[in-house]
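Asks: heads up, no residue letters with this:
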């Protein structure tokens, strides 16, 4: 879990792992060094999830309804 790259994770997978990290930290069972590593991993997962959500919001904002009721979307440059 902690050694796996975050960037390729889908939003749902990253969120699930973040929930597991939080549960492990909240349990208080992890030694200090592991808790620090978990906290760092959790912070990175949170940022990743926020970026995925922001990109999704931008994509949704690009969807427009035409005067005839048709729905279209404009291409979005996600860098």
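Replies: Structure received. Keep in mind it's a predicted model, so treat the numbers as computed, not measured.
Asks: Apart from its chain neighbours, what residue comes closest to residue 39?
Replies: Setting aside the residues directly before and after it, residue 39 is nearest to residue 25 in space (C-beta to C-beta, 6 or more residues apart in numbering), at 6.7 Å. All C-beta atoms are positioned from the backbone trio N, CA, C, and that covers glycine.
Asks: got the contact list for the one you found?
Replies: If you count contacts by C-beta atoms under 8 Å, 6 or more residues apart in numbering, residue 25 has them with 35, 38-39, 42.
Asks: try 7 Å this time
Replies: Applying C-beta atoms under 7 Å, 6 or more residues apart in numbering, we find residue 25 in contact with 35, 38-39.
Asks: what sits against the residue lying farthest from the centre of the chain?
Replies: With distances taken as C-alpha atoms, centre = their mean, the residue sitting farthest from the centre of the chain turns out to be residue 68, at 35.9 Å. Neighbour list for residue 68: empty [criterion: C-beta under 7 Å, 6+ apart].
Asks: quick check, it in a strand?
Replies: No: Residue 68 is assigned coil when assessed by DSSP: H, G, I helix; E, B strand; the rest coil, not a strand.
Asks: element containing the residue positioned nearest the centre of the chain?
Replies: In the chain, the C-alpha nearest the mean C-alpha coordinate belongs to residue 49, at 1.4 Å (C-alpha atoms, centre = their mean). Under the assignment given by DSSP states H and E, the secondary-structure element containing residue 49 is helix 32-61.
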